[in-house]
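*Asks:* with the sequence up front, the predicted model follows.
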2 protein chains.
Amino acid sequence: MAITRADCHDLDVRDPLRELRDEFSLPPGVVYLLGNSLGALPRRTAERVAHTVETEWGLHLGESWNTAGWWDLPESTGDRIAPLIGAGPGEVLAGESTSVNIFKAVAAALPLRPDRRVIVSDLDNFPTDRYVVEGAARALGSYEIRDIGSGDSLDGVLGNDVAVVLLSHVDYRTGAMRDVDAVTAQVHAAGALMIWDLCHSAGAVPVKVGAADFAVGCTYKYLNGGPGAPAYIYVAPRHQEAARNVISGWHGHAAPFGFEPHYRPAGGVRRFATGSPPVLAYSALNASLDIWEQVDMREVRAKSVALTSLFVELIDQLHPDLALVSPRDPERRGSQVSYRHADGYPVIRALIDRGVVGDYREPGLMRFGFAPLYLRYVDVHDAATTLAEVLGKELWRDEQYQRRLTVT
Amino acid sequence: MAITRADCHDLDVRDPLRELRDEFSLPPGVVYLLGNSLGALPRRTAERVAHTVETEWGLHLGESWNTAGWWDLPESTGDRIAPLIGAGPGEVLAGESTSVNIFKAVAAALPLRPDRRVIVSDLDNFPTDRYVVEGAARALGSYEIRDIGSGDSLDGVLGNDVAVVLLSHVDYRTGAMRDVDAVTAQVHAAGALMIWDLCHSAGAVPVKVGAADFAVGCTYKYLNGGPGAPAYIYVAPRHQEAARNVISGWHGHAAPFGFEPHYRPAGGVRRFATGSPPVLAYSALNASLDIWEQVDMREVRAKSVALTSLFVELIDQLHPDLALVSPRDPERRGSQVSYRHADGYPVIRALIDRGVVGDYREPGLMRFGFAPLYLRYVDVHDAATTLAEVLGKELWRDEQYQRRLTVT
């Protein structure tokens, strides 16, 4: 039996998260399915950032390093991210980009396994993960990179030469999700260390870093921290004494205002700080984290599964030929759904022209992200019916959609 | 003959930069002498940042990576910083912290001198410079660090084992300024590469990187970019093909949206980009750079020399016993003046309590920065007379000023 828009409206009325949509400033007339790329703007963010600019900076100036807590932002913000990835206080430090944090995590992990020379990475990792590993392997010694294929298991890969394994929890293209506990256990059984990239799961899936050694992630996707918002690094407490921050700047020093001649790492995760934190960016992120403190991640996950499943079901009904690339089983899927189409690029452009914003990734992948805090079931219905219309009527063949724009 | 406040007022009336003060939002009743630490808030910044938050992010979302130029921010912002350090377009990339950029510069420079194993640094470098060099020397191979003493010349230090020299243009404590051209020439004559830290000079002194190989600097001091604003790296054009970014993230890839399996560096300085730029922080910085485009750096320097010289002259008159630590010759001085006093800490606290904001640095140094864009000659007069009063009447002996607060 076909799912109607009225059915979806009923789901919205019963949605325990329905009031959270009002927390966001969404562009009018748009179904925004790129919360997996750049999260929407929380309404409270503008005011918070203005306060940081005009009062903390403009009025109190350098005093705010103490009185407004600027100095502690990497730790205080990290402590607020921690519950979203199953970590505790003092285990997460917010700052810099995911790429820089991957570099720090890899550089900290390798010396903990000094007799091993292999880094295992996944061809499905987001490219920057692989690129950063390549640079680190070259610069930090003679390390070898062993890539595993798309979605492959680690069976047969984990010899006693493997120092570190770096994998994405959720695949950025397909939305396929790995089992954190099982993979970490397998890596540990081989004597290697596990680094998880949580960019595409935190804020959509109740992440538990569990026994992981390190983890990194960004905050500008499902966490709605703003474009280029501070990323984060998780360091397991058992490594915090031995692990070193390779970019050993003064913000990670044990006595930063002692101006000692030599570097002496701060205790705990603070040693992974490096330079002055971009305070305005932290301000925006902290506004968003206020919202996350009101949210039960189990409800977020339940709604995420319901939204993605509804989209798949509607496409099954309306345009069953479209090739689903994401796992059909929601237990193995993050909060995005990807389809393959030879003309995916013009299809996405035709969709955007009709107010449904997804994106395109080579080769032939159309990605649709479902951010449970601000998406409604009727939005999913409207997106699916619009996609089916664009495909059914071949509206994407219109010449205006064929021309390549710069893609991001 | 004593310099009166009326004399200073006359100087303000004739100051060609006097109207720029109106560009800044300054706290009422305060003479702010810490522009060398955190620059004041430009009035236009709040509106610019609000536009970035509400319109670019809130309304246009991910489109802004193209339409608002987010993707190009590291280069476009770098090109606006370039004239302030005597560099050209395509030679400066804005991003991350000074510390991270020092790491990148050192890691890029060392492989360009593969047979040399020594990094020369200065004990007067800001501590993070030394700390980052220590971490890089350990992680990137077996490098030795050779420290030179406070303000010492490089004579006798530059053997044929020296790969890289890292020095601050202006000393963060004393304000003493090195001769960029002479030192760079000396370093090159020894076959080594020169990295300059411009944190304490750019925006106060007309910097010319000249023949330097690399340079780094921050933008939150004299450039007024905001707390933790993006730093920058300069890479001499002759090195841009050979120099590698050790933190090889996707933003520095030749085809970032090709999602190629391997890292391939972008041409030019862009390869020194790593991860997603903190867009809000760039927005604030770019508002400030609007002001810099209206300014003639020779006028800025002339006023800087006049302000610091006036302060020294007034203290000579009013409290001649106070020990000047900065060079008395303005040609050898940046835009700050430092004095040594055994009880410098309570003196600074007593000053702050009277509306004159300087800061204290161990051992015994009282620092006063003079930002020519928003300071008046009468401010200098008021600061000097207040300092002389605090010292003359020993107001700093009051118990309330003895207790240590957290210092930044």
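*Replies:* Looks like it came in fine.
*Asks:* point me to the residue of the stretch 1-150 of chain A nearest chain B.
*Replies:* Residue nearest to chain B within the stretch 1-150 of chain A: A:S97 (2.5 Å; CB to the nearest CB). (Each C-beta comes from the backbone N, C-alpha and C, glycine too.)
*Asks:* run a quick neighbour tally on the spatially closest residue to that residue that is not a sequence neighbour.
*Replies:* Computed as CB to CB, 6 or more residues apart in numbering or on different chains, the closest residue to A:S97 that is not its neighbour in sequence is B:G275, at 2.5 Å. The local packing of B:G275 (other CB atoms under 10 Å in any protein chain shown) involves 25 other residues.
*Asks:* what's B:G275 in contact with, if anything?
*Replies:* Residues near B:G275 by CB atoms under 8 Å, 6 or more residues apart in numbering or on different chains: A:E96, A:S97, A:T98, A:S99, A:V100, A:T128, A:G228, A:A231, B:G249, B:W250, B:H251.
*Asks:* show me the contacts for the residue of the stretch 1-150 of chain A closest to chain B.
*Replies:* Neighbour list for A:S97: A:C218, A:G228, A:A231, B:E96, B:G249, B:T274, B:G275, B:S276 [criterion: CB under 8 Å, 6+ apart].
*Asks:* try 10 Å this time
*Replies:* Counting by CB atoms under 10 Å, 6 or more residues apart in numbering or on different chains, A:S97 touches A:103, A:128, A:132, A:216, A:218, A:220, A:228-231, B:95-96, B:100, B:247, B:249-251, B:273-278.
*Asks:* same thing with A:L41?
*Replies:* Residues near A:L41 by CB under 10 Å, 6+ apart: A:23-27, A:224, A:226-227, A:284, A:287-288, A:374, B:53-59, B:61.
*Asks:* how about A:K303, what does it touch?
*Replies:* Per CB under 10 Å, 6+ apart, neighbours of A:K303: A:11, A:15-18, A:20, A:204, A:335, A:370-373, A:375, A:377.
*Asks:* residue ranges for the strands of the stretch 151-300 of chain A, please.
*Replies:* For the stretch 151-300 of chain A, the strands defined by DSSP state E, counting those that start in this stretch cover A:162-168, A:193-197, A:214-217, A:232-235.
*Asks:* could you report the neighbour count for A:G392?
*Replies:* Neighbours of A:G392 under the rule other CB under 10 Å: 11.
*Asks:* so it makes contact with A:P320?
*Replies:* No: with contacts counted by CB atoms under 10 Å, A:G392 stays clear of A:P320, the gap being 11.3 Å.
*Asks:* name the nearest residue to A:S142, sequence neighbours excluded.
*Replies:* Using CB to CB, 6+ apart and skipping residues adjacent in sequence, the residue nearest A:S142 is A:R117, 6.6 Å away.
*Asks:* got the phi and psi for that neighbour?
*Replies:* Here the main-chain torsion angles of A:R117 (degrees, to the nearest 10) amount to phi -120, psi 10.
*Asks:* contacts only, for it.
*Replies:* Each residue near A:R117 by CB under 10 Å, 6+ apart is listed here: A:L110, A:A137, A:G141, A:S142, A:Y143, A:E144, A:D161, A:V162, A:A163.
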